[in-house]
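Peer 1: got a sequence here, can you build the structure:
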Amino acid sequence: MGKIFSILVFVGVPLSIIGTLLNWSSVIMFVVYCVTIIALASFMGRSTESLAIVAGPRIGGLLNATFGNAVELIISIFALQEGLIEVVLASLTGSVLGNLLLVAGLSFFIGGVKFKRQKFNVFDARHNSGLLMFAVIVAFVIPEVFATTMDESTTISLSVGVSIILIALYLAALFFKLVTHRGVYQHNGEMEQEHEEPEWSKGKAILILALATAAVAYVSENLVHTFEEVGETFGWSELFIGVIIVAIVGNAAEHASAVIMAYKNKMDVAVEIAVGSTLQVAMFVAPILVIISLFLGTHMPLVFTVPELVAMVSSVLLMVVISNDGESNWFEGLTLLAAYFIMAIGFYLL
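Peer 2: Numbering: from 1, shown residues only. Below is the predicted model of the structure:
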């Protein structure tokens, strides 16, 4: 898999530059940009994993939290600069749906086909369930309810206040898991992962991470410019592009990692990728984008559409019910996948 991504990077980055300079078709470049970003994201993930092993679990956890959704954050910032607030909010929705339903569903299904019954840390599952309920059902629904009686400036003020609280609680959650309660709820199978060898040295990992991040920023800026023409060509709405396309591209590398881990029966890691990434999006990426938008021309409120909210709340409730017993099987995975495709059809037809 690593060799394939390496080839895609060495082919995709030059093609992205050449195609941009020569003004190739937006549809062709959309495909090139998406494939290139997915390949670059895999390099970012591998370098972050190497740094996490070298630096230790505490700093490693912080690194993974920071760079886990870096690609989507970069794409969203450039989309905000273009005034595409609907695409940004839709991509945040898509990340929540994609992680909880598509990624977790594929992980449970593929792992469940090989192993009839898979277990993961039930204490982590219940801890994450509470945070998911808070982040999506409380922090996302409340601004929507209150915004109906507020003007635009007051809604922005409410969104900023909610965002600051979300970031503070997210940092507190990291402190809880990595410092005060590190190892308290450790699963028996987690000990065997402590003596890993990093793929790259510290210096090499930092260099690759810096270069990959810079390349993603360049390609993402150009990707955003193709949205309008691609939407008109295929009849896709901004909502569908954000919820399905941008969300899948921005999280593709870690999606693949979760499925591979499930296939290896490392369900603690697979579930942490799926649920942990969702928490990063809801409690860190979304509020950070709200604050960043204050310094750009377009201010983004933390107010989603009713279909987006219903879809996110439904996916959270379904994931909480399925994962709270600390076990999974292929049928539970199929149930999550079915929910994702039902919602994808709905967003396509909107």
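Peer 1: in the helix or strand containing Phe5, what counts as buried?
Peer 2: When elements are assigned from DSSP states H and E, Phe5 belongs to helix 2-21. Neighbour-count burial for helix 2-21 flags Phe5, Leu8, Val9, Gly12, Val13, Leu15, Ser16, Gly19, Thr20 (criterion: 16 or more other CB atoms under 10 Å). In short, each C-beta sits where N, CA and C put it, glycine included.
Peer 1: same check, this time on stretch 220-237
Peer 2: Result for stretch 220-237 [16+ other CB under 10 Å]: buried residues Ser220, Glu221, Asn222, Leu223, Val224, Thr226, Phe227, Val230, Gly231, Trp236, Ser237.
Peer 1: returning to what we had before: could I get the buried residues of helix 2-21 in TSV, plus columns for pLDDT?
Peer 2: Supplementary listing: these in TSV, determined by pLDDT from 0 to 100:
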residue	pLDDT
Phe5	83
Leu8	89
Val9	90
Gly12	93
Val13	92
Leu15	94
Ser16	93
Gly19	93
Thr20	91
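Peer 1: what's the closest of the residues you listed to Asp325?
Peer 2: Distance to Asp325 across the buried residues of helix 2-21 (CB to CB) is lowest for Phe5, with 35.2 Å.
Peer 1: now do that closest one against Thr36, distance only.
Peer 2: Between Phe5 and Thr36 the distance is 10 Å, computed by CB to CB, to the nearest Å.
Peer 1: before we move on, what about Tyr340?
Peer 2: In this structure, Tyr340 lies at 25 Å from Thr36, with CB to CB as the measure.
Peer 1: more neighbours: which of those two?
Peer 2: Taking neighbours as other CB atoms under 10 Å, Tyr340 and Thr36 compare with Thr36 leading, 27 against 22.
Peer 1: whichever strand or helix holds that one vs helix 2-21, what angle?
Peer 2: Using DSSP H and E, Thr36 sits in helix 26-55. Taking axes from the mean of the first three to the mean of the last three CA atoms, to 10 degrees, one finds helix 26-55 and helix 2-21 inclined to each other by 140 degrees.
Peer 1: with adjacent residues omitted, what lies nearest to Phe30?
Peer 2: Distance criterion CB to CB, 6 or more residues apart in numbering; nearest residue to Phe30, sequence neighbours excluded, is Thr226 at 4.3 Å.
Peer 1: quick one: pLDDT of the one you found?
Peer 2: Reading off the per-residue confidence, Thr226 sits at a pLDDT of 91.
Peer 1: cool, and Gly60?
Peer 2: The model's pLDDT for Gly60 equals 56.
Peer 1: Val306 too?
Peer 2: Confidence score, pLDDT, at Val306: 92.
Peer 1: run through the neighbouring helices and strands of whichever helix or strand Leu97 is part of.
Peer 2: Assignment of secondary structure by DSSP H and E places Leu97 within helix 85-97. Helix 85-97 is packed against helix 70-81, helix 238-240, helix 247-263, helix 267-280, helix 286-293, helix 306-323, with contacts defined by 3 or more CB pairs under 8 Å, 6 or more residues apart in numbering; DSSP states H and E.
Peer 1: let me have the ones you listed in JSON lines, adding distance to Phe30 and mean neighbour count as columns.
Peer 2: Formatted as JSON lines, the helices and strands packed on helix 85-97 follow (distance: least, CB to CB, whole Å; neighbours: other CB atoms under 10 Å):
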{"stretch": "helix 70-81", "distance to Phe30": "13", "mean neighbour count": "23"}
{"stretch": "helix 238-240", "distance to Phe30": "14", "mean neighbour count": "21"}
{"stretch": "helix 247-263", "distance to Phe30": "10", "mean neighbour count": "23"}
{"stretch": "helix 267-280", "distance to Phe30": "24", "mean neighbour count": "25"}
{"stretch": "helix 286-293", "distance to Phe30": "22", "mean neighbour count": "22"}
{"stretch": "helix 306-323", "distance to Phe30": "23", "mean neighbour count": "20"}
